[in-house]
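Asks: For reference, the sequence and a predicted model appear below.
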Amino acid sequence: MESFSSWALIVMASLAALAFLSKLFPFKFHQLKFPPGPKPWPIIGNLNLKGSHPPKSLHILAQKYGPIMQLKFGSFPVVVASSAEMAKEFLKTHDHVFASRPKSAAGKYLSYNHHNITWAPAGPYWRQGRKIFLSELFNTKRLESYQYIRVEEMRAFLSRLCTLSGKPVVLKDHLFRFTLSSMSRIILSKKYVSDESKHETSIVRPEEFQEMIEELFLLNGVFNIGDWIPWLNFLDLQGYVKRMKALKKKFDLFLDHVFNEHKKKMEGVKDFVPMDMVDILLQLANDPNIDVKLTYDGIKALTQDLLAGGVDTSVTIMEWAMAELLKQPPLIKKATEELDRVIGREKWVEEKDIPELPYIEAIVKETMRKHPVAGLLVPHLALEDCDVVGYKIQKGTRVFINTWSIGRDPSLWDAPEEFCPDRFLGKAIDVKGQNFELLPFGSGRRMCPGYNHGLKVVSTTLANMLHGFYCKLPDNMNCEDLSMDEIYGFATALKFPLIAVMEPRLPLHLY
């Protein structure tokens, strides 16, 4: 009995000591609450609340639960950041904790087992891939060396539009062919995608490749049930995995053909000088000093990343910009007045002219605010437990940054539903990841490494379309008839492709 009393005294003394110490040194993380959010259902969690347009559905939920909220999608906790302040917490303050990616069917089947920059988990391979993109592929000197390609393809694009003067054109198709031709020459040296007989290396027609890229972006952005409820994965309830496997086969055929040609070109050549981005990647694969061996699948994944990212995102932004401008013709007048004043009517806009065209830059920024290509940034993965503004975020939590919602925050933007480029005039807000109210390319460690190239293409192309053509809707359409409905995917595009009539406004010899 005496022994029991002694133990009881020791336990009570220990508890008292712990209580005292906890006052002096609070065990903060265990006292934290999870972010607020709706109560999950069994098995599906809150998947029923994501809707057909997840950024919009989550935006509505954030009005109730706040700029940081927690849901459960199937088996996994999900945190959604819907304000610039919360985006900064995840992408800057705690960037090192949230720098990874969750595993997904898209990452497995469409990115060669998570070997591209987008889906690769944080670690040595991803760090090396990002370093290759920044130092080898998208450095200033290399981007400048490809300028002549961008200029040649731009002129060809403008000439094609001129030949279609007065006729309704599906603008997206022409923008796609232009950006694809430019990126093909920069990444692959040749137009492997062409319907012109003079290109013997062509193995797929542009419209087929456009379908492949659009399917790639759609499938990368879907909410695949198997990703969220793993024990249902084998059923492929939505048929997405079947489509992913079929699309992978098409990309394999295309990329195998491209790489075989490139390897033949390099065989037996001493001191080979790379001519394009694939040459650089193949050289690096044979470099014994590289930190992490680049596999064949790795090169495929990185090449696909370059092609898809360089084409579809740029096209999406430009189509949205033209749709918004055609909806408000006075904005086109304001843009062309600036172009006539700064550039004049005897030449085309060049990349070096863009800093002198603040209204064109404002149009691009306003398009990215109202119509971010990625309405939800690619999900981040918490690598460890973390305290974010007093809330408990558990290791393994998926984090979405809702850029669509941030672009509609009335505390940041006056009349956020209106398209008003003037809001950016005289404002030092850029799109390079330091202003968290505008994150079209993300921010921090997982920011898109090709944003500089994308900005050059988008700004110069948009400026030249406005400079070179009177743009209007077909005769049977009014501004009010132009639908601005969105279709959600990895890139949030116009639901109904924009049809426009383009007529030359510069001297014909320029075309």
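Replies: Perfect, thanks for sending it. Numbers count the residues shown, from 1 in each chain.
Asks: Give me the buried positions along the helix or strand that contains residue 242.
Replies: Using DSSP states H and E, residue 242 sits within helix 240-266. Within helix 240-266, the residues scored as buried using 16 or more other CB atoms under 10 Å are 240-241, 243-244, 247-248, 250-251, 254-255, 258-259, 261-262. The way it works is simple: take the backbone N, C-alpha and C, and place the C-beta from them, glycine included.
Asks: repeat for stretch 423-434
Replies: 423-424, 431, 433.
Asks: Which of those residues sits closest to residue 274?
Replies: residue 433 (28.8 Å; CB to CB).
Asks: Leaving out sequence neighbours, find the closest residue to that closest one.
Replies: Using CB to CB, 6 or more residues apart in numbering and skipping the chain neighbours, the partner closest in space to residue 433 is residue 443 (3.5 Å).
Asks: who's in contact with the one you found?
Replies: Contacts for residue 443 (CB atoms under 8 Å, 6 or more residues apart in numbering) come out as 87, 91-92, 433-434, 436.
Asks: Packing partners of the helix holding residue 242?
Replies: helix 105-109, helix 206-221, helix 277-285, helix 296-327 (3 or more CB pairs under 8 Å, 6 or more residues apart in numbering; DSSP states H and E).
Asks: Next, the contact list for the closest residue to residue 238 other than its chain neighbours, please.
Replies: Leaving aside its chain neighbours, residue 238 sits nearest to residue 225 (6.1 Å; criterion: CB to CB, 6+ apart). Neighbour list for residue 225: 47, 74, 232, 237-238 [criterion: CB under 8 Å, 6+ apart].
Asks: Show me which pair in these is furthest apart.
Replies: Largest separation among the contacts of residue 225 by CB to CB: 74 and 238, giving 13.2 Å.
Asks: quick one, which of those two is more surrounded?
Replies: When residue 74 and residue 238 are compared for neighbours, residue 74 comes out ahead with 20 against 13, by other CB atoms under 10 Å.
Asks: which residues touch the more buried one?
Replies: Contact analysis of residue 74 by CB under 8 Å, 6+ apart lists 43-45, 47, 225, 227-230.
Asks: Quick one: which of those residues is the most crowded by neighbours?
Replies: Neighbour counts for the contacts of residue 74, by other CB under 10 Å, peak at residue 227, which reaches 25 neighbours.
Asks: Secondary structure element holding that one?
Replies: In the assignment (DSSP H and E), residue 227 maps to helix 225-228.
Asks: pull the CA atoms of that helix into CSV?
Replies: C-alpha atoms of helix 225-228 as CSV (Å, rounded to 0.1, in the frame of the first residue of the first chain):
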residue,chain,number,x,y,z
ILE,A,225,-11.7,9.5,-58.0
GLY,A,226,-8.9,6.9,-57.8
ASP,A,227,-6.5,9.7,-56.8
TRP,A,228,-8.6,10.6,-53.8
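Asks: re earlier: just the contacts of residue 74 now: which is nearest residue 129?
Replies: When these are compared for distance to residue 129 (CB to CB), residue 227 wins out at 22.3 Å.
Asks: I figured the closest one was touching residue 105, is that so?
Replies: Yes. Between residue 227 and residue 105 there is a contact under CB atoms under 8 Å: 5.8 Å.
Asks: list residues touching both of those two?
Replies: Taking CB under 8 Å, 6+ apart as the criterion, residue 227 and residue 105 both touch residue 233.
Asks: Put the alpha carbons of stretch 207-222 into PDB.
Replies: The C-alpha trace of stretch 207-222 is given here as PDB (Å, rounded to 0.1, in the frame of the first residue of the first chain):
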ATOM      1  CA  GLU A 207      -5.400  19.300 -85.700                       C
ATOM      2  CA  GLU A 208      -4.500  15.900 -84.300                       C
ATOM      3  CA  PHE A 209      -1.700  17.300 -82.200                       C
ATOM      4  CA  GLN A 210      -4.000  20.100 -81.000                       C
ATOM      5  CA  GLU A 211      -6.500  17.400 -79.800                       C
ATOM      6  CA  MET A 212      -3.600  15.600 -78.000                       C
ATOM      7  CA  ILE A 213      -2.500  18.700 -76.200                       C
ATOM      8  CA  GLU A 214      -6.100  19.700 -75.300                       C
ATOM      9  CA  GLU A 215      -6.700  16.100 -74.000                       C
ATOM     10  CA  LEU A 216      -3.400  16.300 -72.000                       C
ATOM     11  CA  PHE A 217      -4.500  19.500 -70.300                       C
ATOM     12  CA  LEU A 218      -8.000  18.300 -69.600                       C
ATOM     13  CA  LEU A 219      -6.800  15.000 -68.100                       C
ATOM     14  CA  ASN A 220      -4.100  16.700 -66.000                       C
ATOM     15  CA  GLY A 221      -6.800  18.900 -64.400                       C
ATOM     16  CA  VAL A 222      -9.500  16.300 -63.700                       C
END
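Asks: can you pull the contacts of residue 213?
Replies: Residues in contact with residue 213 (CB under 8 Å, 6+ apart) are 176, 307-308, 311-312.
Asks: Can you tell me which of those has the most neighbours?
Replies: Each of these was scored for neighbours by other CB under 10 Å, and residue 307 scores highest at 28 neighbours.
Asks: In contact with that one, which residues?
Replies: By CB under 8 Å, 6+ apart, the contact list for residue 307 reads 180, 183-184, 187, 213.
Asks: one more time with 10 Å
Replies: Residue 307 is in contact with 179-180, 183-184, 186-188, 192-193, 209, 212-213, 216, 251, 254-255, 258, 277, counting by CB atoms under 10 Å, 6 or more residues apart in numbering.
Asks: Thought residue 118 was touching residue 305, still the case?
Replies: Yes. Applying CB atoms under 10 Å, one finds residue 305 in contact with residue 118, separated by 6.2 Å.
Asks: Residues that sit against both of those two, list them.
Replies: Counting by CB under 10 Å, 6+ apart, the shared contacts of residue 305 and residue 118 are 111, 129.
Asks: Tell me the one of the buried residues of stretch 423-434 nearest residue 139?
Replies: residue 433 (17.7 Å).
Asks: do you know how far that closest one is from residue 369?
Replies: Remark: distance between residue 433 and residue 369 (CB to CB, to the nearest Å) = 15 Å.
Asks: what does residue 314 give?
Replies: From residue 314 to residue 369 the distance is 17 Å (CB to CB).
Asks: Now do the strands in the stretch 51-200 of the chain.
Replies: Assigned by DSSP state E, counting those that start in this stretch, the stretch 51-200 of the chain shows strands spanning 68-73, 76-81, 168-170.
Asks: got those as TSV, with mean neighbour count and distance to residue 297 columns?
Replies: Formatted as TSV, those follow (neighbours: other CB atoms under 10 Å; distance: least, CB to CB, whole Å):
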stretch	mean neighbour count	distance to residue 297
strand 68-73	22	29
strand 76-81	24	27
strand 168-170	15	35
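Asks: All set, thanks.
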